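1. following is a predicted model, sequence given first.
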Amino acid sequence: MKRNTFSILFFVRKTTSLKNGESPLFVRITINGKRADISLKRSINAKEWDTKKSKCKPKSRSANELNHYIDSVQHKIMSIANDLVEHGQLTANKIKDIFNGNVTERTILKIFADHNEKCKKLIGIDMAEGTIERYITSYKHTEEFIKHRYKCNDLPLSEINHQFVKDYEFYLKTERKCAHNTTVKYLKNFNKIVRIALANEWMKSDPFAKITFRLEKVDKEYLNEDELKAILDKPFDIPRLDIIKDVFLFCCFTGLAFSDVKSLSSQDINKGIDGKQWIKKRRRKTKIEFDVPLFEIPLSILKKYENHPDCKIGNKLLPVPSNQKLNAYLKEIADVCDIRKNLSSHSARHTFATTVTLGNDMNLKAISKMMGHSSTKMTERYARANETLISKEMNKIEGKYKVS
């Protein structure tokens, strides 16, 4: 590898005379034949300058102070140069900019905020609204962690290292009370911002280089037949809970994910091959097309909200609140219905796969198509063989084998 040629020269610009009769003092940095001159905001009588030694000649207090200042400038320039060499960015002008304070180091939250603003403009093009919401939440957690741990509003990229990531993980699990998988998801969001900085060579080393995060396998909650019927039969006088009940049941009987039911419009309802009403739509998350025939229960729910003001304003078929509110209210519904499960919007999708479809002997390929999966392997994560299904299958062979 070719070595850099590097020199530092202090000199007096004798051709320039200031009002006090002295000449300005400069330092010249030359790297690989390219130079940059920096004014030191000091002046000296040109006759008192020792060109060979690059120092002030007379042995006086003012001369000693100036010589000490020259030594400190040389030390500062060497320190800047060493840092730039380490990052592969050594140039004379770069040293000049840093010395004069003209370079502001990029900060992690500024890059994070810029990323989120760009993502917002891609909603409906390359990104789903739910994805943006997760990045916004991740930004807030990162911001709060920096305030909590470092007592400041932002951090330069040079401060984002291996220890930062480990401390952030600890903070999410202890202060924010995040479960392991939730913590991993937030850290993966944060890692994307780090990768942007690395790709642009704003960071030299990867703070995630020696860190591996693995999601723990979790069996998602779903409703069995009795629990599904309990919610179906339970009347609610509180409007917000009644809406949440209907949205949740609609997803239980159609398999729609939260982002898909939230964006559901009249354009997504079409006549199917059987002459009945079908949902024909592309998943917002994967862009994969899915088709779901509508039977009595989901159709009656759509009918109920035909004239709901929120639906008319937003050109939507159901008044779906935020995912956060939906999940919070679902916990109330579960308590009222005496269901001891941690229900969420995603529980409805698992209920559709396991209880409503596979539990009623529907073909796995058909279930996969309705759920908008690219393969039945993904569907198998949702449609699980529970005790009810196993019992039903075993009943098929009951009596076939007997003890002689």
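-> Perfect, I can see it now. Residues are numbered from 1 along each chain as shown.
2. count the neighbours of the nearest residue to Gly272 once chain neighbours are set aside for me.
-> Excluding the flanking residues, the one nearest Gly272 by CB to CB, 6 or more residues apart in numbering is Trp278, at 3.8 Å. To be clear about C-beta, it is placed using only N, CA and C from the backbone, and glycine gets the same treatment. Number of residues near Trp278 (other CB atoms under 10 Å) recorded here: 18.
3. mind starting the numbering at 261 from now?
-> Taking 261 as the first residue, the last one we looked at is Trp538.
4. I'd guessed Trp538 sits against Val552; true?
-> Yes - in this structure, Trp538 is within contact of Val552 by CB atoms under 8 Å, at 6.4 Å.
5. which residues touch the residue nearest to Gly532?
-> Ile529, Asn530, Lys531, Gly532, Asp551, Val552, Pro553, Leu554 (CB atoms under 8 Å, 6 or more residues apart in numbering).
6. and it, how far is that from Asn583?
-> 25 Å (CB to CB, to the nearest Å).
7. contacting residues around the helix or strand containing Phe424?
-> Here Phe424 sits within helix 422-434, counting by DSSP states H and E. With contacts defined as CB under 8 Å, 6+ apart, helix 422-434 is touched by 401-402, 405, 408-409, 415, 438, 440, 442-443, 446-447, 450, 467-471.
8. list the buried ones in it?
-> Phe424, Val425, Tyr428, Glu429, Tyr431, Leu432 (16 or more other CB atoms under 10 Å).
9. would you list those residues in JSON lines and tack on pLDDT?
-> Output for the buried residues of helix 422-434, formatted as JSON lines (pLDDT from 0 to 100):
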{"residue": "Phe424", "pLDDT": "94"}
{"residue": "Val425", "pLDDT": "95"}
{"residue": "Tyr428", "pLDDT": "96"}
{"residue": "Glu429", "pLDDT": "96"}
{"residue": "Tyr431", "pLDDT": "96"}
{"residue": "Leu432", "pLDDT": "96"}
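10. now the element after the helix holding Phe424, going C-ward?
-> helix 440-459.
11. flag every buried residue along that next one.
-> Buried residues in helix 440-459 (16+ other CB under 10 Å): Thr443, Val444, Lys445, Tyr446, Leu447, Asn449, Phe450, Asn451, Ile453, Val454, Ala457, Leu458.
12. which single one of the residues you listed is nearest to Asp343?
-> Closest to Asp343 out of those is Ala457 (17.0 Å), distances taken as CB to CB.
13. just list the residues touching the closest residue to that closest one other than its chain neighbours, thanks.
-> What sits nearest to Ala457 in space, not counting adjacent residues and going by CB to CB, 6+ apart, is Met463, at 4.4 Å. The contact partners of Met463, by CB under 8 Å, 6+ apart, come to Leu417, Ser418, Ile420, Val454, Ala457.
14. equivalent analysis for Leu278, please.
-> For Leu278, the contact set (CB under 8 Å, 6+ apart) comprises Pro284, Ser303.
15. select the longest helix from this structure.
-> helix 321-346 (DSSP state H).
16. other SSEs contacting that helix?
-> strand 266-272, strand 283-291, strand 294-304, strand 315-316, helix 352-359 (3 or more CB pairs under 8 Å, 6 or more residues apart in numbering; DSSP states H and E).
17. ok, residues contacting the lowest-mean-pLDDT helix or strand in the chain?
-> Lowest mean confidence among the helices and strands of the chain (mean pLDDT, DSSP states H and E): helix 647-655, at a mean of 77. Helix 647-655 has contacts (CB under 8 Å, 6+ apart) with Asn484, Glu485, Thr615, Leu618, Gly619, Asp621.
18. can I have stretch 596-609 written out in CSV, keeping just the CAs?
-> Output of stretch 596-609 as CSV, limited to C-alpha atoms (Å, rounded to 0.1, in the frame of the first residue of the first chain):
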residue,chain,number,x,y,z
VAL,A,596,-65.0,-9.8,30.1
CYS,A,597,-65.3,-13.1,28.2
ASP,A,598,-63.1,-15.0,30.8
ILE,A,599,-60.5,-15.8,28.2
ARG,A,600,-57.1,-16.3,29.8
LYS,A,601,-55.0,-15.5,26.8
ASN,A,602,-53.0,-12.6,25.6
LEU,A,603,-55.0,-11.6,22.6
SER,A,604,-53.7,-9.3,19.8
SER,A,605,-54.7,-8.5,16.3
HIS,A,606,-52.4,-11.3,15.1
SER,A,607,-54.3,-13.8,17.3
ALA,A,608,-57.2,-13.5,14.8
ARG,A,609,-55.0,-14.6,11.9
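19. any idea which element the closest residue to Glu487 other than its chain neighbours lies in?
-> Leaving aside its sequence neighbours, Glu487 sits nearest to Ile599 (CB to CB, 6+ apart; 5.1 Å). Using DSSP H and E, Ile599 sits within no helix or strand.
20. quick check on Ile599: phi, psi?
-> Main-chain dihedrals, Ile599, degrees, to the nearest 10: phi -100, psi 120.
21. quick one, what contacts Thr615?
-> Tyr482, Leu483, Asn484, Glu485, Leu488, Cys512, Thr648.
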